[in-house]
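In: fold the following, please.
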Amino acid sequence: MPLVYAGVCSHGPGITGRAERADPAVREPFYAAFGQMADDIRASGAETLVMVAAEHFANFFMDNMPAFAIGMADWYEGPVEDPEFIKIPHRRAPGNKDLSRRLIESVQQTVDVSYAEEWRLDHGVIVPLHFLSPDNDITLIPCNINCQGPPLAPLSRALAFGEALRRACDAVPERIAVVGTGGISHWPATPDSGKINEEFDREFMRRWATSDTEALLSYTDAEVYAEAGQGGFEIRTYIAIAGAARGPGYIHFMQPIPIFATSGVVASKAID
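Out: So this is what the prediction gives:
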């Protein structure tokens, strides 16, 4: 069954944890865009949500940092963060170990990927999941691209991971949605937290929406670090979705929200 939905969105913990401090004129359209994404995923008939995120030392650390990893379990628990801090209650999200294994075996044909039979969900997954599956009724398969500990996989490998994921999804009978999550420019856990480079974010999303692969892959890590902070390395998750979907992109919402320490982004891509 072909891949049935592809999109990207922000995942900062402030999106839920500091909601009351955001300007409602910006917050509510952002939340509404999340709601529309959830509706679109349901309308696609997706049975499983493959979420490509950048986790934050919840499962992997410098003693074991795979470039790419896929969860292979029948359930996943989170948030790792204090539910009072992130304002998301604890949940056990349903997984599908058999489907995960089939996807992993396919991805491994072209991209080296690790797997984990235990996976704790941090804000990189749980914040989008809070909006996209409020009733906890869609099967989840979490994926991680290392965006934390250099050396980082080249952007071309993130694209190749997305392409491999597309082939894997197309080869199974289940209907699958893929969503990449992350910030674009942001400086988490630094004195610059809350800083947003809107110009960088809009140019990156222009390249993403127009499927300008050459331009997407032209960023260097040094450039990203200087212009978008260490959080900007998470562009890898968006690039993976570009590799999976290949069609034109549609930006449903994009606006800097400093109290969330990132731009609010919700966008989808046609599946070509």
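In: pLDDT below threshold where in the stretch 1-150 of the chain?
Out: For the stretch 1-150 of the chain, residues meeting the criterion pLDDT under 70 lie at 1.
In: residue 29 - nearest residue in space that isn't next to it in sequence?
Out: residue 253 (6.0 Å; Cβ to Cβ, 6 or more residues apart in numbering). Yep, even glycine has a C-beta here, placed from its N, CA and C like the rest.
In: state the helix or strand in which that neighbour lies.
Out: In this assignment (DSSP states H and E), residue 253 forms part of strand 246-257.
In: quick revisit: verify the contact between the residue nearest to residue 29 and residue 31 for me.
Out: No - with contacts counted by Cβ atoms under 8 Å, residue 253 stays clear of residue 31, the gap being 9.2 Å.
In: give the contact list for the residue nearest in space to the middle of the chain.
Out: The residue lying closest to the centre of the chain (Cα atoms, centre = their mean) is residue 181, at 1.8 Å. For residue 181, the contacting residues are 8-11, 51-54, 124-125, 127-128, 237, by Cβ atoms under 8 Å, 6 or more residues apart in numbering.
In: mind running it again at 7 Å?
Out: The contact partners of residue 181, taken as Cβ atoms under 7 Å, 6 or more residues apart in numbering, are 9, 11, 51, 53, 124, 125, 128, 237.
In: and the fourth one, backbone torsions?
Out: Per-residue torsions, residue 53: phi -130, psi 180 (degrees, to the nearest 10).
In: what is the burial count for it?
Out: Residues near residue 53, counting by other Cβ atoms under 10 Å, number 26.
In: what helix or strand is the residue nearest to it when sequence neighbours are not counted on?
Out: Leaving aside its chain neighbours, residue 53 sits nearest to residue 124 (3.8 Å; criterion: Cβ to Cβ, 6+ apart). If you go by DSSP H and E, residue 124 is part of helix 123-132.
In: need the residues that contact that helix.
Out: 9, 11, 13, 15-16, 34-35, 37-38, 41, 49, 51, 53-56, 78-79, 81, 86, 88, 93, 140, 142, 179, 181.
In: what about the helices in the stretch 151-272 of the chain?
Out: 155-170, 198-209, 213-216, 221-228, 235-245 (DSSP state H, counting those that start in this stretch).
In: can you pull out the low-pLDDT segments for the stretch 151-272 of the chain?
Out: Counting by pLDDT under 70, not a single residue of the stretch 151-272 of the chain qualifies.
In: switch to 90 and redo it
Out: Along the stretch 151-272 of the chain, the parts satisfying pLDDT under 90 run over 183, 188-194, 246, 272.
In: please tell me how far the residue nearest to residue 53 sits from residue 272.
Out: According to Cβ to Cβ, to the nearest Å, residue 124 and residue 272 sit 27 Å apart.
In: how about the helices in the stretch 1-150 of the chain?
Out: 14-17, 24-43, 83-86, 97-107, 123-132.
In: so how far is the first one off the chain centroid?
Out: Translated: helix 14-17. Averaging C-alpha positions (Cα atoms, centre = their mean, to the nearest Å) puts helix 14-17 16 Å from its chain's average.
In: what sits against the spatially closest residue to the residue nearest to the centre of the chain that is not a sequence neighbour?
Out: Spatially, and ignoring its direct neighbours in sequence, residue 181 is nearest to residue 11 (4.0 Å; Cβ to Cβ, 6+ apart). Residues near residue 11 by Cβ under 7 Å, 6+ apart: 53, 123, 124, 127, 128, 181, 182.
In: want to throw those into JSON lines with distance to residue 113?
Out: Shown next, in JSON lines, are those (distance: Cβ to Cβ, whole Å):
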{"residue": "53", "distance to residue 113": "14"}
{"residue": "123", "distance to residue 113": "23"}
{"residue": "124", "distance to residue 113": "17"}
{"residue": "127", "distance to residue 113": "24"}
{"residue": "128", "distance to residue 113": "21"}
{"residue": "181", "distance to residue 113": "18"}
{"residue": "182", "distance to residue 113": "18"}
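In: and of those, the nearest to residue 171?
Out: residue 53 (22.8 Å; Cβ to Cβ).
In: gap between the closest one and residue 8?
Out: 11 Å.
In: and the gap between the nearest residue to residue 62 once chain neighbours are set aside and residue 69?
Out: Closest residue to residue 62 in three dimensions, ignoring its sequence neighbours and counting by Cβ to Cβ, 6+ apart: residue 149, at 5.5 Å. For residue 149, the distance to residue 69 equals 13 Å [Cβ to Cβ].
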